[in-house]
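Trainee: the sequence and its predicted three-dimensional model are supplied below.
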Amino acid sequence: MLPTRETRRQRLTRQVAVLDRRIVALKQRSRRLSWARLWSFLATPVLAFFAASVDSRLATALLVGGFALFVIVVLLHRRTERAIARFSIWRRTRQTQLARQSLDWAGLPPPLADAPQPNHPFEIDLDVTGEHSLHHLLDSPVTLDGSRRLRDWLLAPVPDPATIDRRRTLVRELMARPLFTGKLALYGQLAARDGARWNSASLRQWLDEPIPQDGLGLVVSILALLAAVTLPLALANAAGVLPPYWVIPFLIYFVISISRLRTFFGVFEEASLLQDSLRPVRDVFGFLERGRYPHAGALGELCAPFRAGQRPSDLLRRITLVVSASSLQRNVLLWLLLNAAVPWDLFFAYQLRLAKRRLRGDLPAWLDVWFELEALSALATFAYLNSEYTFPDLREQPVYLDARAAGHPLIAHDRRVTNDFRLDAPGELALITGSNMSGKSTFLRTIGVNMVLAYAGGVVAAESFSLSYFRLFTTIKISDSLAEGISYFYAEVRRLKALLDGLRQPNARPLFFLIDEIFRGTNNRERLIGSRAYIQALVGPGESPQNGTGIVSTHDLELTSLAGERVFNYHFADRVADGRMVFDYRLQPGPSTTTNALRIMRMEGLPVPQSDAERS
């Protein structure tokens with residue numbers, strides 16, 4: 001039997017408590033080691049000083065032993081501090097998962113700051129991005145690229161069956177390997193600095209910079225040959241065997257080296273910058289390189305670039321060697337002597353260029369796998385935390401939507417009301433009526449946001465959810481624009497025109513539309529005339545249904561008369577109990593028979609007369 005949501009919440013809570021105790025114990029150990037480090041540093045010279053008056057050998061032994069003890073204590077202290085950092089990240093990750101499960105928005109990291117796309121088919125209407133959004137709830141990647149990749153999956157305008165099927169396979173594999181996703185998150189958090197998302201932009205910019213085609217490899221070879229000739233000639237001259245012939249190759253060596261001064265002085269800074277850029281990803285790449293993957297599994301196939309050909313650890317070691325070797329520039333005397341004897345800096349500058357060429361070929365693939373895994377892990381974590389959710393049944397044909405016990409994932413579990421809904425033919429339209437606050441808008445968003453999750457490759461908040469591959473288009477949150485001089489009504493008309501254009505556009509994928517309170521920005525008479533004509537255009541004339549289907553909500557009860565072969569009426573009901581409006585948020589067949597606008601106005605103290613129907 002699969003663990004329930006409550007079981008997983010209790011498990012996460014216990015893990016946080018265990019980690020709390022572990023961190024407290026480690027911090028106590030760190031304080032003891034800190035004192036031991038201080039006393040070993042101070043006591044060693046004092047004891048050696050007094051011992052020197054008795055026995056110099058004893059003083060030497062105390063100095064050596066004290067220094068060794070100090071080094072051991074320092075290493076143990078650093079190891080303990082690293083353990084504290086790792087356990088703190090584990091604890092923070094578990095706490096964040098609890099916050100994601102309970103929709104505790106204050107406990108989640110800030111959302112991605114990217115502005116929404118104003119003309120996107122559904123981004124704003126369905127709260128896909130921004131604060132308290134679907135992306136905010138799922139957004140566990142620690143890299144900016146991974147977060148944006150997850151966002152792009154949620155915002156894909158046209159679903160691709162092959163891509164979705166591959167993602168679902170990977171998400172299922174990652175769900176079965178929580179330790180893998182946990183360690184990936186741990187190493188990713190270690191890569192991020194000060195809680196900020198790691199950004200690959202500077203590293204990619206460095207890779208895109210052109211590599212000079214100045215024959216540096218040939219120059220290094222020539223200088224190495226000159227150095228190999230100069231050294232034995234100089235030794236022979238020092239022994240009195242030969243005249244100072246070594247001056248000739250050395251002068252040539254010197255002139256060629258001086259001509260490359262710019263390459264000399266840039267190698268250390270460039271290598272150090274590269275090392276600083278790659279240091280955060282070292283642990284992540286090492287983990288993915290050492291990982292054990294199931295044979296013939298999608299996860300193993302995805303991570304293949306880390307195990308085939310040039311491995312990240314080999315390349316990173318080479319770059320570290322270049323940095324260490326070129327750091328001799330800090331010791332000017334040693335640096336001058338060494339470069340006078342051999343082309344030290346130019347050789348390592350050439351090695352850095354070779355590493356850069358290899359990085360250009362391999363690093364984009366490594367980063368792409370990491371970002372892909374982060375986005376996939378976000379979907380897998382969402383599924384793990386919500387065990388009652390299910391993977392949708394996606395179909396090519398026929399045009400179809402069948403939702404059972406579907407709820408909105410951004411509504412807390414204990415307040416969420418679920419509904420069943422079905423449309424199963426092209427051109428069908430569900431017309432939903434009901435009073436204010438009865439649940440019409442929330443139901444539209446429920447269907448839409450679960451479709452977004454399904455097409456991203458994740459689980460949906462439903463007992464079962466079967467649907468075709470639709471293009472999704474919504475018109476729910478319409479706003480005017482003072483800057484552009486656009487009224488609410490004109491903005492709504494433009495949005496509805498774009499929806500109708502998308503519906504009539506030839507496309508293998510039918511359109512699924514969600515329209516909330518159609519033509520609310522104009523008067524009753526014109527709204528009714530326009531709504532009738534628009535709904536008839538949505539379903540299509542006679543025996544020629546449109547390439548799509550969808551849901552329209554409205555306050556206009558007169559529109560329920562459009563019910564027929566392809567238009568179906570549904571409603572949300574309300575009632576008054578003890579002077580309060582009561583809603584059950586349950587979708588029911590047929591048109592609404594009640595309205596509540598006057599009741600709400602009267603209950604809030606506005607001067608509204610009571611109608612004859614209300615008196616009776």
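Mentor: Alright, I've got the coordinates. Numbers count the residues shown, from 1 in each chain.

Trainee: what is the neighbour count of residue 306?
Mentor: Per other Cβ atoms under 10 Å, the neighbour tally for residue 306 reads 23. (Each C-beta comes from the backbone N, C-alpha and C, glycine too.)

Trainee: same check, this time on residue 18
Mentor: 14.

Trainee: so what secondary structure elements neighbour whichever strand or helix holds it?
Mentor: Assigned by DSSP states H and E, residue 18 falls within helix 5-52. Packing partners of helix 5-52 (3 or more Cβ pairs under 8 Å, 6 or more residues apart in numbering; DSSP states H and E): helix 56-102, helix 344-385.

Trainee: now those in a markdown table, with mean pLDDT and mean neighbour count?
Mentor: Converted to a markdown table, these look like this (pLDDT from 0 to 100; neighbours: other Cβ atoms under 10 Å):
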| stretch | mean pLDDT | mean neighbour count |
| --- | --- | --- |
| helix 56-102 | 89 | 16 |
| helix 344-385 | 88 | 21 |
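
Trainee: wait, which of these is closest to residue 236?
Mentor: Proximity to residue 236, assessed across the helices and strands packed on helix 5-52 by Cβ to Cβ, is greatest for helix 344-385 (23.5 Å).

Trainee: toward the C-terminus, what is the element adjacent to the closest one?
Mentor: Following helix 344-385 toward the C-terminus (DSSP H and E): strand 393-395.

Trainee: can you give me the buried ones in that next one?
Mentor: Across strand 393-395, burial judged by 16 or more other Cβ atoms under 10 Å covers residue 394.

Trainee: restrict the helix or strand following that strand to CA atoms and write it as PDB.
Mentor: The element immediately downstream of strand 393-395 (helix or strand, assigned by DSSP H and E) is strand 401-406. Taking C-alpha atoms only, strand 401-406 is exported to PDB below (Å, rounded to 0.1, in the frame of the first residue of the first chain):
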ATOM      1  CA  LEU A 401     -11.700  15.100 -21.400                       C
ATOM      2  CA  ASP A 402     -12.900  13.000 -18.400                       C
ATOM      3  CA  ALA A 403     -12.000  14.300 -14.900                       C
ATOM      4  CA  ARG A 404     -12.900  12.400 -11.800                       C
ATOM      5  CA  ALA A 405     -12.700  14.100  -8.400                       C
ATOM      6  CA  ALA A 406     -10.600  17.000  -9.800                       C
END
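
Trainee: show me what strand 401-406 is packed against.
Mentor: strand 419-423, helix 440-456, strand 464-468.

Trainee: angle of the last one against strand 419-423?
Mentor: In other words, strand 464-468. 20 degrees (axes from the mean of the first three to the mean of the last three Cα atoms, to 10 degrees).

Trainee: kindly state the pLDDT recorded for the closest residue in space to residue 307 that isn't next to it in sequence?
Mentor: The shortest distance from residue 307 to any non-neighbouring residue, by Cβ to Cβ, 6 or more residues apart in numbering, is to residue 289 (6.6 Å). Looking at residue 289, its pLDDT is 87.

Trainee: just the one 4 residues further on next, same as before
Mentor: The pLDDT attached to residue 293 in the predicted structure is 78.

Trainee: give me the element the residue nearest to it when sequence neighbours are not counted is part of.
Mentor: Nearest non-adjacent residue to residue 293, counting by Cβ to Cβ, 6+ apart: residue 300, 3.2 Å away. Per DSSP H and E, residue 300 falls inside helix 298-302.

Trainee: quick one: buried residues of that helix?
Mentor: Buried positions in helix 298-302, judged by neighbour count with 16+ other Cβ under 10 Å: 298-299, 302.

Trainee: same question, stretch 309-323
Mentor: Of the residues in stretch 309-323, those buried (16+ other Cβ under 10 Å) are 311-312, 315-316, 318-319, 322-323.

Trainee: for residue 104, which of the helices and strands packed on strand 401-406 is the nearest?
Mentor: With Cβ to Cβ as the criterion, residue 104 lies closest to helix 440-456 of the helices and strands packed on strand 401-406, at 19.1 Å.

Trainee: pLDDT on stretch 416-428, on average?
Mentor: Mean predicted confidence for stretch 416-428 is 90.

Trainee: just to revisit the earlier point, just the element for the residue nearest to residue 307, please.
Mentor: Taking DSSP H and E as the definition, residue 289 sits inside helix 261-290.

Trainee: which secondary structure elements does that helix sit against?
Mentor: For helix 261-290, the packing partners by 3+ Cβ pairs under 8 Å, 6+ apart come out as helix 178-191, helix 201-208, helix 312-326, helix 344-385.

Trainee: which one of the ones you listed lies nearest to residue 509?
Mentor: Nearest to residue 509, of the helices and strands packed on helix 261-290 and by Cβ to Cβ, is helix 344-385 at 21.9 Å.

Trainee: can you report how many residues lie near residue 184?
Mentor: 24.

Trainee: now for residue 565: which residues touch it?
Mentor: Shown in contact with residue 565 (Cβ atoms under 8 Å, 6 or more residues apart in numbering): no residues.

Trainee: against residue 535, how distant is it?
Mentor: According to Cβ to Cβ, to the nearest Å, residue 565 and residue 535 sit 13 Å apart.

Trainee: give the contact list for the residue lying closest to residue 181 once chain neighbours are set aside.
Mentor: Ranked by Cβ to Cβ, 6+ apart and with sequence neighbours excluded, the top spatial neighbour of residue 181 is residue 377, at 4.4 Å. Neighbouring residues of residue 377 by Cβ under 8 Å, 6+ apart: 140-141, 174, 181, 184-185.

Trainee: dump those residues to CSV, plus distance to residue 25 and pLDDT.
Mentor: Converted to CSV, the contacts of residue 377 look like this (distance: Cβ to Cβ, whole Å; pLDDT from 0 to 100):
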residue, distance to residue 25, pLDDT
140, 28, 92
141, 31, 93
174, 31, 93
181, 26, 89
184, 26, 89
185, 23, 87
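
Trainee: which two of those residues have the greatest separation?
Mentor: Greatest spacing in the contacts of residue 377, by Cβ to Cβ: 141 and 174 (13.2 Å).

Trainee: tell me which element the residue sitting nearest the centre point of the chain falls in.
Mentor: Against the mean C-alpha coordinate of the chain, by Cα atoms, centre = their mean, the closest residue is residue 147 at 2.3 Å. Assigned by DSSP H and E, residue 147 falls within helix 144-154.

Trainee: could I get that helix in PDB with only the CA atoms?
Mentor: C-alpha atoms of helix 144-154 as PDB (Å, rounded to 0.1, in the frame of the first residue of the first chain):
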ATOM      1  CA  LEU A 144      18.100  29.800 -12.500                       C
ATOM      2  CA  ASP A 145      18.300  27.600 -15.600                       C
ATOM      3  CA  GLY A 146      16.500  24.700 -14.000                       C
ATOM      4  CA  SER A 147      13.800  26.900 -12.600                       C
ATOM      5  CA  ARG A 148      13.200  28.500 -16.000                       C
ATOM      6  CA  ARG A 149      13.100  25.100 -17.700                       C
ATOM      7  CA  LEU A 150      10.400  24.000 -15.300                       C
ATOM      8  CA  ARG A 151       8.500  27.200 -16.100                       C
ATOM      9  CA  ASP A 152       8.800  26.700 -19.800                       C
ATOM     10  CA  TRP A 153       7.400  23.200 -19.500                       C
ATOM     11  CA  LEU A 154       4.400  24.500 -17.700                       C
END
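
Trainee: thanks a lot, catch you later.
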